[in-house]
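[1] Dropping the sequence and predicted coords here.
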Amino acid sequence: MSPFHFPSPRAAVALALAALFVAGGVAVPALASPAPVSACSPCDDGFVHAAAEHGLDTGVAESEATVRVHRNDSATWRVRVVPTNESALNRLAENESLARAVAGDSFGVRYGGGIDGRLLAADVRDGAFLVRYRTSGVVDEGPLGTSVLTYFRDDPGGYVYTDLGADELTVVGPEGTTVARGFGEVEGRRMTATALPDARDGPFVVFAPTGTPAPGLVGTLAVLEALAGVVARNLLAFVLVPGGVAVGGLVALRRVADPARDRDPRRLGGAVAVGGAVVVVATLVAEGGVLLGVTGNLLVGVAVGTVPLGLGVAVAVTATRRTLTVRRLLGVGVVLAAVVAAGGAPALGGDVHAALALGGALLPAVAAIGRADAVGGDGTRTVAALGVVLFAALLVLAPLTALGGTLFLLGPVLLTLAAGAFVLAAVPLYLLGGASVGADPGTSTPDRRTSA
């Protein structure tokens, strides 16, 4: 390694930790979400809004829908709506053009475009408003002769389905098929549901030819094929690129930085501890109004600040410094990363906050690399171990099956910036790991290879 020396460890600490914290403040605002809509808009709010636009004040007392899937990539809907206002129903029955206008507007209005629909019929029968329309481009051909209904997936940048809309929705597959994958109650080629599953970007419904062996497995294969391109894109954007920046930065750091243990561990440890304390205090001040709750910014600031604070104190104090080893430092980083990865997805929705908290949790492992290099140990193996943990944690947090929209693409950019901030924060922690091998001024220096 080159004999390059950082002129001011204290300045490096302040700069790196401030950069990481600032990056967190810039990166963590939640990405905008598409508008929430129901799967059958003529069954609820779509009908109510369309009726109001044409002078009819009414709600929906009950509704049901039947969807017939065709092999030509389309599906035909038959919707039955019972309005709460009988006079509104009477006006629809008396005015055919009004009925068609309300029906067309009830399913035709979409948030940001989306499904291509065409009105087929609209009339009033047996005390209910009946609407028939066709949606195109909602059925794909899958492997082994399957038909995949993709209608319930969200429209990137447009809308996200939150519920069925109908009190009961029935999906009927093409002749000669059976439901291989669906939700609700399944019988033959029919699937009846009263609620939309809580699945990212909506569930798939797959129909396989009648008599297909292991239809459940065939349905799973069809979904995997449909998601292959999306998963590959998200794996590259959310895992490989930011993870590569972080690991590549650590490799470069080892080439230019000298982890020699001739630095005063008390001074460097104190400087790192002060930097961590500044981040924690700044976070508490910024989030002072929500301390009784849990926010992403609060968790990130505490994780990014508390770890350097604890490590700095541990190195500055002789008694605790003597207990540090490469394995222990690496182990602490792995445990903290596992906690963030396991809790980050459900607590923070797996967003950028969780990734930033992950970076703070892995800082002890960076100190382990510095210590390994300072004692002449296998720093390369330590980097490899840290890389495995980092990529695994990013994989857990990554929205691999998400279609996403325009703003969704900001996620990988923010993660890559966060990876760069992690490398900056790694500088003082790497030097701290090297200094942890040293002794207090005026005392003898332990042998390089006995303090790993």
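    Received the coordinates, thanks.
[2] Show me the longest helix that occurs in the chain.
    In the chain, assigned by DSSP state H, the helix with the most residues is helix 410-435.
[3] I'd like the average pLDDT over it.
    On average, the pLDDT along helix 410-435 is 86.
[4] Tell me how many other residues crowd residue 415.
    Per other C-beta atoms under 10 Å, the neighbour tally for residue 415 reads 27. (Each C-beta comes from the backbone N, C-alpha and C, glycine too.)
[5] Low-confidence regions, the stretch 1-150 of the chain specifically.
    Residues of the stretch 1-150 of the chain that meet the criterion pLDDT under 70 lie in 1-34, 108-116.
[6] give me that answer again for 80
    1-36, 107-117 (pLDDT under 80).
[7] now the stretch 201-350 of the chain
    Checking the stretch 201-350 of the chain against pLDDT under 80 turns up 201-202, 258-263, 283-304, 337-350.
[8] residue ranges for the helices of it, please.
    Applying DSSP state H, counting those that start in this stretch to the stretch 201-350 of the chain gives helices spanning 215-235, 241-256, 265-286, 296-316, 318-321, 326-348.
[9] can you pull the buried residues of the second one?
    Buried positions in helix 241-256, judged by neighbour count with 16 or more other C-beta atoms under 10 Å: 241, 242, 243, 244, 245, 246, 247, 249, 250, 253, 254.
[10] and the residue nearest to residue 365 when sequence neighbours are not counted, how many residues sit next to it?
    In space, and not counting its chain neighbours, residue 365 is closest to residue 333: 3.1 Å by C-beta to C-beta, 6 or more residues apart in numbering. Using other C-beta under 10 Å, residue 333 has 25 other residues around it.
[11] ditto for residue 141
    Counted with other C-beta under 10 Å, residue 141 comes out at 12.
[12] That one and residue 150 touch, don't they?
    No. Look at residue 141 against residue 150 with C-beta atoms under 8 Å: they stay out of range, at 11.2 Å.
[13] Now the longest helix of the chain: buried residues?
    When burial is assessed from 16+ other C-beta under 10 Å, helix 410-435 yields the following buried residues: 411-412, 414-435.
[14] just stretch 169-186 next, same as before
    Across stretch 169-186, burial judged by 16+ other C-beta under 10 Å covers 169-173, 177-184, 186.
[15] Quick one: end-to-end distance for it.
    Start-to-end span of stretch 169-186 (C-alpha to C-alpha, to the nearest Å) is 12 Å.
[16] Assign residue 55 to helix, strand or coil.
    Following DSSP: H, G, I helix; E, B strand; the rest coil, the label given to residue 55 is coil.
[17] ok, it to residue 45 distance?
    From residue 55 across to residue 45, the span is 17 Å (C-beta to C-beta, to the nearest Å).
[18] likewise residue 104?
    Distance from residue 104 to residue 45, by C-beta to C-beta: 16 Å.
[19] thinking again about what came up before, more neighbours: which of residue 55 and residue 45?
    residue 45 (16 against 10).
[20] Specify the beta-bridge partners of the closest residue to that one other than its chain neighbours.
    Of all residues not flanking residue 45 in the chain, residue 38 sits nearest, at 6.7 Å (C-beta to C-beta, 6+ apart). Beta-bridge partners of residue 38, counted by DSSP bridges, are residue 163.
[21] Now do residue 38: how many residues are near it, please.
    Residues lying near residue 38 (other C-beta under 10 Å) number 18.
[22] That one reaches residue 161, doesn't it?
    Yes. Counting by C-beta under 8 Å, residue 38 does reach residue 161; the two are 6.9 Å apart.
[23] Poorly predicted segments of the stretch 351-452 of the chain, please.
    Scanning the stretch 351-452 of the chain with the threshold set as pLDDT under 80 gives 351-359, 376-379, 396-397, 401-411, 438-452.
[24] The same query, at a cut-off of 50, please.
    Low-confidence regions of the stretch 351-452 of the chain, defined by pLDDT under 50, span residues 445-451.
[25] Please, where are all the helices along it?
    Under DSSP H, counting those that start in this stretch, the stretch 351-452 of the chain gives helices at 352-361, 363-374, 379-397, 410-435.
[26] could I get those as a markdown table with distance to residue 272?
    Formatted as a markdown table, those follow (distance: least, C-beta to C-beta, whole Å):
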| stretch | distance to residue 272 |
| --- | --- |
| helix 352-361 | 13 |
| helix 363-374 | 9 |
| helix 379-397 | 18 |
| helix 410-435 | 5 |
